[in-house]
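> Mind folding the following:
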Amino acid sequence: MTRSTDRREFLKTASGAACAGFMSGAFSHAATASNQEKKDQPVNSQADLPIVDTHEHLWDLTKFNLPWTKDNKVLGRSFVTKDYLAATQGLNLVKSVYMEVDVDPKQQVQEAEYVIDLCQRKDNPMVGAVISGRPATDEFRAYIMKYKDSQHIKGVRQVLHGPDNPPGFCLGSQFVKSVQLLGELGMNFDLCLRSDDLGDGAKLVAQCPKTRFVVDHCGNMDVTVTDKKKRQVWMDAMQALAQHDNVVCKISGIIVTANENWKTSDLEPNMRFSMETFGPDRRMFAGDWPVCTLRASFRQWVDALKEIVRGMNMTLADQKKLFHDNAVRFYGLKDKGYKPA
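Next comes the predicted model:
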């Protein structure tokens with residue numbers, strides 16, 4: 001079987017073209033949401049939905065070295081808080097969770113401190129963060145223990161679809177041990193794998209029953225792929241992951257694999273399958289901004305997903321779970337007094 005394109009390689013290509021219930025296991029370590037969140041009333045229309053973005057990227061190239069953005073015509077510049085606020089204006093985005101951006105490993109502590117500061121400020125929606133980490137290294141334990149008592153650090157991710165991480169990389173003994181440690185600390189691990197390596201994620205989950213996992217970007221299946229065998233590999237792995245009640249899925253990301261003149265219907269098969277596989281209580285909206293801008297603005301992505309869920313006849317209550325409630329519960333997000341413009 002031909003290996004899936006590395007997402008980073010795809011981003012380079014695209015940027016050029018673009019110039020059931022939520023099981024107790026998933027919440028076993030999550031903090032209790034604030035009283036204000038508990039008192040939220042049902043929404044009356046789709047336009048009223050509050051949004052929690054579970055995948056906010058930020059990078060300031062004056063502070064951090066991101067080799068993968070070099071020579072990228074769209075992404076090869078800084079994207080900071082003021083840019084994010086402009087991109088999400090008017091969407092009722094009330095909270096966000098930072099997602100690591102593959103900084104130079106020497107800058108991982110600097111990255112963590114940078115986003116902790118943002119989480120503490122009331123001029124932006126960020127209230128939690130998933131930081132960079134290298135679970136396969138002996139140094140990982142000392143690194144992550146720095147944040148074991150942080151209310152803002154929710155988990156760790158290492159992107160696993162790059163050329164330096166072959167199939168099976170996440171199944172090494174040290175890697176598994178480190179991910180098990182995250183569970184002991186009440187943190188989660190994000191699974192960002194090539195779609196045809198997603199089965200490795202299911203094997204990792206099986207060895208880490210006390211750790212909560214998040215499947216990034218609907219398992220990274222390219223929406224333009226029509227090969228039935230490749231799609232079946234992806235679907236089988238997604239279903240295997242969904243069998244574990246400590247796994248949730250981010251509905252995001254794959255819009256960058258669409259053709260330039262994409263339509264909502266191009267995205268629907270992947271989105272519908274992912275949402276139906278994980279059910280109403282284990283799916284969460286994620287923006288993947290600014291990466292999504294290779295094909296769509298943040299608003300265009302939100303509008304496309306809202307159109308898809310309307311077509312699925314999803315109730316407003318379940319839409320609110322998707323866009324807001326599930327993320328608040330999973331990450332234990334507190335309110336810090338931020339009000340969207």
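
> Next up, identify which helix or strand the residue lying closest to residue 46 once chain neighbours are set aside is on.
Ranked by CB to CB, 6 or more residues apart in numbering and with sequence neighbours excluded, the top spatial neighbour of residue 46 is residue 306, at 5.6 Å. (Each C-beta comes from the backbone N, C-alpha and C, glycine too.) According to DSSP states H and E, residue 306 maps onto helix 298-311.

> which residues sit in contact with residue 101?
By CB atoms under 8 Å, 6 or more residues apart in numbering, residue 101 lies in contact with 57-59, 64, 66, 111, 132.

> farthest pair in those residues?
58 and 132 (12.9 Å; CB to CB).

> Show me what the helix holding residue 306 is packed up against.
Applying 3 or more CB pairs under 8 Å, 6 or more residues apart in numbering; DSSP states H and E, one finds that helix 298-311 makes contact with helix 264-278, helix 316-320.

> Relative to whatever helix or strand comes next after the longest one, what are the paired strands and their orientations?
Pointing back at helix 264-278 there. Going down the chain from helix 264-278, the next helix or strand is strand 283-285, by DSSP H and E. According to DSSP bridges, strand 283-285 has the following sheet partners: strand 247-251 (parallel).

> Test my guess that residue 246 contacts residue 204.
No: look at residue 246 against residue 204 with CB atoms under 8 Å: they stay out of range, at 11.5 Å.

> Adjacent strands (with direction) for whichever strand or helix holds residue 213?
Using DSSP H and E, residue 213 falls within strand 212-215. According to DSSP bridges, strand 212-215 forms sheet pairs with strand 188-191 (parallel), strand 247-251 (parallel).

> Do a quick rundown of the strands in the stretch 51-200 of the chain.
For the stretch 51-200 of the chain, the strands defined by DSSP state E, counting those that start in this stretch occupy 51-56, 93-99, 126-132, 153-157, 188-191.

> I'd like the distance between residue 337 and residue 126.
Residue 337 is 13 Å from residue 126, where distance means CB to CB, to the nearest Å.

> just residue 207 next, same as before
31 Å.

> residues touching residue 219, list them.
193, 195, 198, 234, 237-238, 241, 249, 274.

> Please identify which of residue 337 and residue 126 sits among more neighbours.
Taking neighbours as other CB atoms under 10 Å, residue 337 and residue 126 compare with residue 126 leading, 25 against 6.

> Which residues does that one form beta bridges with?
residue 96.

> just residue 130 next, same as before
With DSSP bridges as the rule, residue 130 is bridged to residue 99, residue 155.

> what sits against it?
Going by CB under 8 Å, 6+ apart, the list of residues near residue 130 reads 97-100, 154-157, 188, 190.

> re earlier: run through who's touching the strand holding residue 213.
25-26, 28-30, 54, 155, 183, 187-191, 198, 201, 204-205, 238, 241, 244, 246-250, 284, 330.

> which among those residues end up buried?
Burial by neighbour count, 16 or more other CB atoms under 10 Å: within the contacts of strand 212-215 this picks out 26, 29-30, 54, 155, 183, 187-191, 198, 201, 204-205, 238, 241, 244, 246-250, 284, 330.

> Could you give the number of residues near residue 96?
29.

> Okay, it and residue 337: tell me how far apart.
14 Å.

> now residue 91
Taking CB to CB, one finds residue 91 at 19 Å from residue 337.

> Kindly report the same for residue 146.
Taking CB to CB, one finds residue 146 at 27 Å from residue 337.

> again with residue 227
Taking CB to CB as the measure, residue 227 falls 49 Å from residue 337.

> picking that back up, may I see the buried residues of the strand holding residue 213?
212-215.

> now stretch 50-64
Quick answer for stretch 50-64 (16+ other CB under 10 Å): 50-59, 64.

> Then stretch 225-244?
So, applying 16+ other CB under 10 Å, buried residues of stretch 225-244: 230-231, 233-235, 237-238, 240-242, 244.

> got it, and stretch 333-341?
333-334, 336, 338, 340.
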